[in-house]
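J.: Provide a 3D model corresponding to the input given below.
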Amino acid sequence: MTSTEAPSPGARNAQPDHLGHVIFITAAAAMGGFLFGYDSSVINGATVAIQHKFDVSADILGWIIASALLGCAVGAAIAGRIADRIGRIRCMQIAAFLFAISAIGSSLPFAAWDLTMWRVIGGLGIGMASVIGPAYIAEVAPPAYRGRLASFQQAAIVIGIAVSQLVNWGILNMADGDQRGKLGGLEAWQWMLGVMVIPALLYGLLSFAIPESPRFLISVGRHEQAKKVLADVEGEGIDTDARVAEIETGMRREHKSSFKDLLGGKFGFLPIVWIGIFLSIFQQLVGINVIFYYSNQLWQSIGKDPSSSFLYSFETSIVNIIGTVIAMIFVDRIGRKPLAIIGSAGMAVALFTAAWAFSYRTGTGDNVSLPNAQGLTAIIAANAFVLFFALSWGVVVWVLLGEIFPNRIRAAALGVAASAQWLANFAITKTFPSMSEWSLTGSYIIYGAFAAISIPFVMKFVKETKGKSLEEMG
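T.: Below you'll find the model as predicted:
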């Protein structure tokens, strides 16, 4: 969906007449990322209550929580085709609608399967928004500002995570620290899920206030509208006729890569495709989403009261934002590969430290605790883990996936790598409740081992892409 044509020198240096308006357009599109982050983390505040409410096993709880990720995978797979048929804006509006009805349905479930269904529907919307947001931003952003504006998507994701934790904490306090406490006839956890309707509606409303992508307008023959949008976002001084011709030429030259183009290697896929797949898998197998989906349950499982566990989770989301900013500052300065290795080493140490701390857990059922020293160590290790992930693999993997593939297979290879990431995310999210019942220490040793193994993988197979053009990648 994104254009591959190189901008002309005039377009490359054009300054928009109303930069504030361009930023507004980008921020509105990035609301899809906010929903992605919000949904990824809001369920964190409800896991314990959901398990008690529906009296489900850890295995069933894992299915309820992870089901949204299956919806995400489908939504991401169909978003491109929908956007090419009816436009980027309509795709955003469909995503907002799906997420809104999911929020309402999730807050009023009558059974575990019902809640699972609503989460799958919400996942469809999130998957669509996660794809269409970056594509739209790339297509409307002025070339001179494209890199900076593209970072809005990742920033929106981590802000969405933080806001969801803060909202959950506020609702919990209103319910006197009880996730199942009554508020206006509903339990606190139902409000946590229901409040998601607000950012969903805001996303939908904002989509009516931003223009359609000029590339889509050109693809359906609406050239005059495309010229108006280009002049609005790139500056009145540009030659809009030349820009339209340039985009049309680029669209004709594009190679529509297919799954077949990815085959031909010794083990099925081409070697570079396998590298992309393993980058995606390692990003998830270190267990990062355990923190965002289950941290409240995790802290309560080692003796922290619900109110304190929510504060720890919010603190972790702030650390995530800080780490993301660090990555955005340094990814072009020290390079992708060094940053990934630094992150892997830091995550491995943090995860093994957390495993040691959890080994001191005593008690059973709801009466469990850690000694003060080990409890403090566990909290510090969890935050260190999130920090090292955010300043490295959280950003670097997406940068590398956009750079390492040759032009002729980039679109198809990205699709395969993204699918691998969703599936790995699903596997980790689904299995953690059962694994934590088996052994928290063992779980974190496994996650730490994957972080450690990723170091030689990056050193041997991943090439540095800093400062290279996409054409140099093949």
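J.: quick one, strands of the stretch 351-474 of the chain?
T.: 362-364, 367-369 (DSSP state E, counting those that start in this stretch).
J.: what kind of secondary structure is Asp332 in?
T.: For Asp332, the assignment made with DSSP: H, G, I helix; E, B strand; the rest coil gives coil.
J.: confidence score at the residue nearest to it when sequence neighbours are not counted?
T.: In space, and not counting its chain neighbours, Asp332 is closest to Lys466: 6.7 Å by CB to CB, 6 or more residues apart in numbering. C-beta here means a position set from N, CA and C on the backbone, and glycine is covered the same way. What the model reports for Lys466 is a pLDDT of 74.
J.: how much space separates Lys466 from Gly62?
T.: Computed as CB to CB, to the nearest Å, the Lys466 to Gly62 distance reads 39 Å.
J.: what about these two, which has more around it?
T.: Gly62 (25 against 15; other CB atoms under 10 Å).
J.: pull out the buried residues from the one helix or strand that one maps to.
T.: Applying DSSP states H and E as the criterion places Gly62 in helix 58-86. Burial within helix 58-86, assessed by neighbour count using 16 or more other CB atoms under 10 Å, is assigned to 58, 60-73, 75-77, 79-80, 82-83.
J.: who are the packing partners of that helix?
T.: With contacts defined as 3 or more CB pairs under 8 Å, 6 or more residues apart in numbering; DSSP states H and E, the packing partners of helix 58-86 are helix 47-54, helix 88-107, helix 112-140, helix 214-219, helix 410-438.
J.: what is the second one packed up against?
T.: Under the contact criterion of 3+ CB pairs under 8 Å, 6+ apart, helix 88-107 touches helix 19-42, helix 58-86, helix 112-140, helix 188-194, helix 197-207.
J.: cutoff 6 Å now
T.: Applying 3 or more CB pairs under 6 Å, 6 or more residues apart in numbering; DSSP states H and E, we find helix 88-107 packed against helix 112-140, helix 188-194, helix 197-207.
J.: closest one to Val286 among those?
T.: With CB to CB as the measure, helix 112-140 is the member of those nearest Val286 (20.2 Å).
J.: avg pLDDT for the closest one?
T.: Here the average pLDDT along helix 112-140 is 87.
J.: just give me how far whichever helix or strand comes after it sits from the chain centre.
T.: Heading C-terminal from helix 112-140, the first helix or strand you meet, by DSSP H and E, is helix 146-174. Distance, stretch centre to chain centre, for helix 146-174: 11 Å (CA atoms, centre = their mean, to the nearest Å).
J.: and helix 146-174 with helix 197-207, angle?
T.: If you take axes from the mean of the first three to the mean of the last three CA atoms, to 10 degrees, helix 146-174 sits at 150 degrees to helix 197-207.
J.: what comes up buried for helix 146-174?
T.: Buried residues in helix 146-174 (16+ other CB under 10 Å): 146, 149-169, 171-172.
J.: list the helices and strands it packs on?
T.: Helix 146-174 sits against helix 19-42, helix 112-140, helix 188-194, helix 306-330, with contacts defined as 3+ CB pairs under 6 Å, 6+ apart.
J.: what residues of the last one count as buried?
T.: The one in question is helix 306-330. Using 16+ other CB under 10 Å as the test for burial, helix 306-330 gives 306, 309-321, 323-328, 330.
J.: which residues are contacting it?
T.: 151, 158, 161-162, 165-166, 168-169, 172, 177, 295-296, 299-300, 383, 386-387, 390-391, 395 (CB atoms under 6 Å, 6 or more residues apart in numbering).
J.: show me how far that helix is from its chain's centre.
T.: Distance, centroid of helix 306-330 to centroid of chain: 15 Å (CA atoms, centre = their mean).
J.: okay, the angle between it and helix 19-42?
T.: 140 degrees.
J.: shift numbering so it begins at 797
T.: With 797 as the first residue, the last one maps to helix 1102-1126.
J.: in contact with Ala1247, which residues?
T.: Ala1247 touches Val1082, Ser1140, Met1143, Ala1144, Leu1147, counting by CB under 6 Å, 6+ apart.
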